[in-house]
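Colleague: sequence and predicted structure, then a few things I'm wondering about:
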Amino acid sequence: MECVILAGGKGERMHPYTENMPKPMFLIGGKPILWHVMKYYSCFGVTSFIVCIGFRGKKIKEYFIEHPEKWDITFIDTGVESSKGERLLAVKDSIKGEDFYVAYGDDVSTVDIKALTAFHKKKGKIVTLTATPLISNFGVLQIEDDLVIDFKEKPKLKHWINGGFFCMSRKIFEHLGKGLDLETDVLRKLAEKKQIASFKHDGFWNAMNTLKDSQELVGLWDTGKAPWKIW
């Protein structure tokens, strides 16, 4: 199975740091976070990648040309202003298999890709997404009788969020179209049709959405505590 990686966005939540450097190229341990995503998949035998580039995409392509790996990588310019759904539709003809992976270019996790794949095939839905617990951005107080009896630092909440790390069937292309966003349009419609399976992952997951996220991931790597490092 091939892995499509969405790496064309502008990273606006990290502006101005992304003005000249696309977020997937932000370094962790001297390697771009995009490399970490690909390296993780390769540990499960996935070595064929289709990278959807857009904003500052030339920098991404040049890096992997200058630092080659034993992976089959196809770079496709899917436009600067394209939505995730439009980027995915743009690489339709480059995907050879019936099922394929889709990953964001700035998320790292310890999700079991083999278990995810087996779950996807068992459920037989158009999309399987990795669901991960929502973690509070703030510490939570435990209060009894108007007294604070405990502090819980950024606990996991009861809600689940879309953690990416998808498996998709080619049937997804029947639902994609110009102007349609992957999450807000396509996945929402598929959910209404009960065509999305959720693979629950209660382990490590983190997205590099902000500078603080970047610093935390670098800190984990530099202290030898990066959970996603399985190589």
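Modeller: Arrived safely.
Colleague: and the residue lying closest to residue 170 once chain neighbours are set aside, what's its pLDDT?
Modeller: Leaving aside its sequence neighbours, residue 170 sits nearest to residue 98 (Cβ to Cβ, 6 or more residues apart in numbering; 5.6 Å). The way it works is simple: take the backbone N, C-alpha and C, and place the C-beta from them, glycine included. Note for residue 98: predicted pLDDT of 96.
Colleague: for residue 155, same thing?
Modeller: Reported pLDDT for residue 155: 68.
Colleague: what about the residue nearest to residue 170, distance to residue 177?
Modeller: 21 Å (Cβ to Cβ, to the nearest Å).
Colleague: tell me how many other residues crowd residue 118.
Modeller: 13 (other Cβ atoms under 10 Å).
Colleague: residues touching the strand or helix carrying it, excluding its own?
Modeller: Taking DSSP states H and E as the definition, residue 118 sits inside helix 113-123. Residues outside helix 113-123 that contact it (Cβ atoms under 8 Å, 6 or more residues apart in numbering) are 1, 41, 44, 46, 99, 101, 128, 130, 165, 167, 197, 199.
Colleague: for PyMOL, write the select line for the buried members of those.
Modeller: Only the buried entries of those go into this PyMOL selection, using 16 or more other Cβ atoms under 10 Å:
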select buried, resi 1+41+44+46+99+101+128+130+165+167+197+199
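Colleague: dump the contacts of helix 113-123 to a markdown table, plus distance to residue 145 and secondary structure.
Modeller: Output for the contacts of helix 113-123, formatted as a markdown table (distance: Cβ to Cβ, whole Å; DSSP: H, G, I helix; E, B strand; the rest coil):
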| residue | distance to residue 145 | secondary structure |
| --- | --- | --- |
| 1 | 55 | coil |
| 41 | 51 | helix |
| 44 | 51 | coil |
| 46 | 54 | coil |
| 99 | 54 | strand |
| 101 | 51 | strand |
| 128 | 45 | strand |
| 130 | 40 | strand |
| 165 | 43 | coil |
| 167 | 49 | strand |
| 197 | 44 | strand |
| 199 | 41 | strand |
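Colleague: ok, so of the contacts of helix 113-123, who is nearest residue 63?
Modeller: Lowest distance from residue 63 to the contacts of helix 113-123 (Cβ to Cβ) belongs to residue 41, with 17.3 Å.
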